[in-house]
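A.B. asks: fold the following, please.
(one chain, ligands or ions: 1)
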Amino acid sequence: MAPTNANTLNGSKGFSPAKKTLPEVDTEATNGNGTNGYSYETLQETANFLLSRTSIRPCIGVICGSGMGSLAENIDDPVCIPYEEIPNFPISTVEGHHGRLVFGWLNGIPVVAMQGRFHYYEGYPLWKCCLPVRVMKLIGVKTLIATNAAGGLNPNYKIGDIMIVKDHINMMGFAGNNPLHGPNDERFGPRFPPMNKAYNHKYRSIAKELAKELNIENMVREGVYTCLGGPNFETVAELNMLKMVGVDAVGMSTVHEVIIARHCDMKVFALSLITNECVTSYDKDDEANHEEVLDVGRMRQDILRKYVSKLVAKFAEIENYP
Ligand SMILES: O=P(O)(O)O[C@H]1O[C@H](CO)[C@@H](O)[C@H]1O
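C.D. replies: Numbers count the residues shown, from 1 in each chain. Below is the predicted model:
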């Protein structure tokens, strides 16, 4: 299809992407061999490329959510590698996702941050959305911190709250769409990985303690996240259904990344920034929009930067990371 200028056409509260042409996206669900993604060897090539570009050997990986790219700005001595330069990497197509890896030191700990993640709605199959997590594993990352912007469904949540993810509901998985779908390579992990301890209990306790220390406990919550395919925001009926099954925050990412991380035995911490209130009543006029999501990310950037960089140091301490 010819590239199009993707400006909003209908004059609604839409968002004009900064990128003027639509990128070419590989929409194939498999790599052509009936497998669920690139082979171990292919990803090893990607890992080797990255290791050749920097002497930093990260033990913690951070995925920056929409509008939360500034989390990577605290990184000292940064080595930035645009996704376009990385063999086998997809490219970021969403506003608020810069599209590069940042290697460096966060609070004295070697880290790699994804300034920009990949989403299913961009046209990438789930395995490809999570490819960077496997690459992180291959370069030595042992702990993943995934952040995201999410709509608050729990009526007690306020815009700007930070939700520590306690658990997720894999809605896309219910429909058979799972990043582990297809043959399993045991070098990454087992065929049937457990998921009941996906979100590390110790990390969650540390994060709650830290919230007290930083005096932000009134805005830090703990709850259940779910990912839908997007890109449309949810209907009132959909949100009410999710509420009934115990979802506290809704987004379009993270769940599959966490599944891939746990499959290869990485430890996981995740947090959601509540960027908008989910509209669960037909009487309300509000509509979710990506501009608001990014605005709230900017509004909370200082607190989030401080919180995440201190979490990195605390996690590294209990794990004895360098
Ligand atoms: O999950 P992240 O990447 O933070 O972004 C969230 O914000 C976007 C919608 O505004 C969607 O991409 C949703 O998943």
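A.B. asks: same question for stretch 289-297, mean pLDDT?
C.D. replies: Averaging pLDDT along stretch 289-297 yields 94.
A.B. asks: buried ones in it, by neighbour count?
C.D. replies: 290, 292, 293, 294, 296, 297 (16 or more other Cβ atoms under 10 Å). Quick note: C-beta positions are derived from backbone N, CA and C, even for glycine.
A.B. asks: low-confidence stretches in the stretch 1-150 of the chain?
C.D. replies: 1-36 (pLDDT under 70).
A.B. asks: go with 90
C.D. replies: Within the stretch 1-150 of the chain, the ranges that satisfy pLDDT under 90 run 1-37, 92, 94-98.
A.B. asks: sorry, back to before: what about the ligand: which of the buried residues of stretch 289-297 touch it?
C.D. replies: 290, 293 (Cβ under 6 Å from any ligand atom).
A.B. asks: mind checking which of the buried residues of stretch 289-297 land in helices?
C.D. replies: Of those, the ones assigned to helices by DSSP state H are 290, 292, 293, 294, 296, 297.
A.B. asks: adding distance to residue 152, write the buried residues of stretch 289-297 out as a markdown table.
C.D. replies: What follows is these, written out as a markdown table (distance: Cβ to Cβ, whole Å):
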| residue | distance to residue 152 |
| --- | --- |
| 290 | 16 |
| 292 | 12 |
| 293 | 12 |
| 294 | 16 |
| 296 | 10 |
| 297 | 14 |
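A.B. asks: what's the neighbour count on whichever residue of the stretch 51-200 of the chain sits closest to the ligand?
C.D. replies: With Cβ to the nearest ligand atom, the shortest gap between the stretch 51-200 of the chain and the ligand falls at residue 65, namely 2.9 Å. Using other Cβ atoms under 10 Å, residue 65 has 28 other residues around it.
A.B. asks: OK, contacts around it?
C.D. replies: Residue 65 is in contact with 117, 146, 147, 148, 149, 253, 272, 273, 297, counting by Cβ atoms under 8 Å, 6 or more residues apart in numbering.
A.B. asks: try 6 Å this time
C.D. replies: Applying Cβ atoms under 6 Å, 6 or more residues apart in numbering, one finds that residue 65 lies in contact with 147, 148, 149.
A.B. asks: how far out from the middle of the chain is the helix or strand containing residue 145?
C.D. replies: Element membership for residue 145 (DSSP states H and E) is strand 143-152. Remark: strand 143-152 is offset 5 Å from the chain centroid, using Cα atoms, centre = their mean, to the nearest Å.
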